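In: mind looking at a prediction? Sequence and model below.
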Amino acid sequence: MLGLKSVAVEDLDRVNLLDLKLYATADLGPLWTKLRQEAPVWRHPPQGDVPGFWVVTRYADVLGILKDHRRFTVAQGNMLGTLLHGGDTAAGRMVAVSDGRWHAGLRRLMLSGIGPKVLDLVKDIIESTTRDLMDRALERGSCDFARDVAAQIPLTAICELLGVPPKDRPRVLELTNKAMLSGGAEEPDVEIRVARSRILQYYANLAAVRGDAPGSDMVSLLTTSEVDGRRLTREEVLLNCYNLIVGGDETARLAMSGGLLALLENPEQWQRLREDPGVLDSAVEEILRWTTPASHIGRTALTDVELHGELIRGGDVVTIWNVSANRDERVFADPDLFDIGRSPNRHLTFGHGLHFCIGAVLARLELRTMLRILRDRVDSVEIQGPVRRIESNFITGVSSLPVVLRKTAAA
């Protein structure tokens, strides 16, 4: 992978998956391979005052834990950054970090807000936005694809989904860009914290308005509907709006920029995309597998569980690494080969089961639209400057991808 060094894996006790810089500078592929082969359930050693945790890397085991809601819960958090520091403050109130009947009811409600009629409207917004962004980039001749194109498409779609009035969208997009493009920093700077606070305040005000005059958007739905016999609190509405913003942004944004980088690193696949119209859908799935924007998912064991001879105690933090499962040689032929025609492709990028990503259909639509317009309007792309990656052990991908673009004769 461009600009990355292989991480030394001879001594697992010296590996520190809490070192965020590791994810921006190292190719962790050799580590995941070693763990899958030799220690598929590995106890990560404590780091100072931070306790140890379990690392699960094989596809079958990751899938099994995702399905097993009786012995593993997400209700204390779903990522290392919160699970190892007292749990998620949104636990039990936000759809991503809740379980049981309330989670099931909230999930059904939110899925109903992304139905066919809404998707038809959002589809048109995604189409026009992507064309406009690509045309502007082509007219300039260069852009930072990660920031100027990939980041803008999902945020515009989320504004439509949440019912942000057109007059407010430039300011909301500006604030959301600041809040989301933090590079996954554990301790965001003051400007980012202020942007996040203002975004939450904006949606609090919007929810108050929609409570009196509801529309057909997601904010209205969350504000006026009941889940498990009661209305959502103001905090629950805000938390789940924020969940949609973050979840709806990160997967699509990072898959788009990482997908273009993969095509540039594998020029024969870029040529194949341009020449074979039938490969578009499988290209979407391969990019999702290849990039795996959410590298791990956290769970807490509810009871003692034995797996591959290791005893996971009730209360232990367990991390399942999608980024490893999606390269498992037991499931994927030539897993380290980027093949946009790959089939079947049962990747776990969106999770599985009760916590399968609510925005998966939207992310696929955004990625497919971007690839189609890129294929039709762009003749060639070249990397123009240094590619920067995110320093995070939860989200993984490219934060900056400066490129030169040349348009096709038809464009």
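Out: Received it, and whenever you're ready, just let me know what you need. Quick caveat: nothing in here was measured; it's all calculated off a predicted structure.
In: helix or strand right after the least confident helix or strand in the chain by mean pLDDT?
Out: The helix or strand of the chain with the poorest confidence is strand 5-6; it has a mean of 70 (mean pLDDT, DSSP states H and E). Past strand 5-6, heading to the C-terminal end, the next element that is a helix or strand (DSSP states H and E) is helix 21-25.
In: run through who's touching that following helix.
Out: Residues outside helix 21-25 that contact it (CB atoms under 8 Å, 6 or more residues apart in numbering) are 4-5, 7, 16, 28, 295, 388-393, 396. Bear in mind the C-beta positions are built from the backbone N, C-alpha and C, glycine included.
In: can you give me the buried ones in that helix?
Out: 22, 23, 24 (16 or more other CB atoms under 10 Å).
In: same question for that helix, mean pLDDT?
Out: On average, the pLDDT along helix 21-25 is 92.
In: and it, how far out from the chain middle?
Out: Taking the mean of its C-alpha atoms, helix 21-25 sits 18 Å from the chain's own mean (CA atoms, centre = their mean, to the nearest Å).
In: next helix or strand past it?
Out: Using DSSP H and E, the next helix or strand after helix 21-25 towards the C-terminus is strand 26-27.
In: what strands line up against that following strand, and which way round?
Out: Strand 26-27 sits in its sheet next to strand 5-6 (parallel), going by DSSP bridges.
In: tally of neighbours for residue 55?
Out: 23 (other CB atoms under 10 Å).
In: on that earlier part again, format the buried residues of helix 21-25 as TSV; extra columns: distance to residue 408.
Out: Shown next, in TSV, are these (distance: CB to CB, whole Å):
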residue	distance to residue 408
22	40
23	35
24	34
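In: going by distance to residue 404, which of these wins?
Out: Proximity of the buried residues of helix 21-25 to residue 404 (CB to CB) peaks at residue 24, which lies at 23.6 Å.
In: show me what contacts the closest residue to residue 330 other than its chain neighbours?
Out: Leaving aside its sequence neighbours, residue 330 sits nearest to residue 59 (CB to CB, 6 or more residues apart in numbering; 6.3 Å). Residue 59 is in contact with 325, 326, 328, 330, 331, 348, counting by CB under 8 Å, 6+ apart.
In: spit out the contact partners of the residue lying closest to residue 407 once chain neighbours are set aside.
Out: In this structure, residue 407 finds its nearest non-sequential neighbour in residue 138, 4.4 Å apart by CB to CB, 6+ apart. Counting by CB under 8 Å, 6+ apart, residue 138 touches 377, 378, 405, 406, 407, 411.
In: return the distance of whatever helix or strand residue 138 lives in from the chain's centre.
Out: Here residue 138, judged by DSSP H and E, is contained in helix 116-140. Remark: helix 116-140 is offset 20 Å from the chain centroid, using CA atoms, centre = their mean.
In: what comes up buried for that helix?
Out: 118, 119, 122, 123, 126, 129, 130, 133, 134, 137, 138.
In: biggest separation within those, which pair?
Out: Farthest pair in those (CB to CB) is 118 and 138. Separation: 30.2 Å.
In: sorry, back to before: widest-spaced pair of the contacts of helix 21-25?
Out: The widest separation within the contacts of helix 21-25 (CB to CB) is 21.4 Å, between 16 and 388.
In: out of these two, which sits in the more crowded spot?
Out: When residue 16 and residue 388 are compared on other CB under 10 Å, the one with more neighbours turns out to be residue 388, at 16 against 13.
In: centre-most residue in this structure?
Out: Nearest residue to the geometric centre of the chain (CA atoms, centre = their mean): residue 251, 2.8 Å.
In: and that one, what element?
Out: Residue 251 is located in helix 234-265, with elements delineated by DSSP H and E.
In: could you give the mean pLDDT of that helix?
Out: Averaging pLDDT along helix 234-265 gives 93.
In: so after that helix, what's the next helix or strand?
Out: helix 267-275.
In: got the angle between that following helix and helix 234-265?
Out: Using axes from the mean of the first three to the mean of the last three CA atoms, to 10 degrees, the inter-axis angle of helix 267-275 relative to helix 234-265 is 110 degrees.
In: quick one: the host helix or strand of residue 404 to helix 116-140, angle?
Out: Per DSSP H and E, residue 404 falls inside strand 402-407. Angle of strand 402-407 versus helix 116-140, following the same axes, to 10 degrees, is 90 degrees.
In: residues of strand 402-407 that come out buried?
Out: Of all the residues in strand 402-407, those buried under the rule 16+ other CB under 10 Å are 402, 403, 405, 407.
In: returning to that earlier point: show me which pair in the contacts of residue 59 is furthest apart.
Out: Among the contacts of residue 59, the pair separated by the greatest distance (CB to CB) is 330 and 348, at 13.2 Å.
In: neighbour count winner among those two?
Out: Remark: of residue 330 and residue 348, residue 348 carries more neighbours, 25 against 10, as counted by other CB under 10 Å.
In: quick one: the more buried one from residue 367, how far?
Out: Distance of residue 348 to residue 367, given as CB to CB, to the nearest Å: 17 Å.
In: next secondary structure after the strand or helix carrying residue 324?
Out: Assigned by DSSP H and E, residue 324 belongs to helix 322-325. Next in sequence after helix 322-325, counting helices and strands by DSSP H and E, comes helix 360-377.
In: now the angle from that following helix to strand 402-407?
Out: 60 degrees.
In: tell me which strands and helices helix 360-377 is in contact with?
Out: helix 116-140, helix 152-162, helix 234-265, helix 267-275, helix 280-291 (3 or more CB pairs under 8 Å, 6 or more residues apart in numbering; DSSP states H and E).
In: distance from that helix to the middle of the chain?
Out: Put simply, helix 360-377 sits 16 Å off its chain's centre (CA atoms, centre = their mean).
In: pull out the buried positions in it.
Out: Of the residues in helix 360-377, 360, 362-375, 377 count as buried by neighbour count, 16+ other CB under 10 Å.
In: closest to residue 210 among those?
Out: Nearest to residue 210 among those is residue 362, at 20.6 Å by CB to CB.
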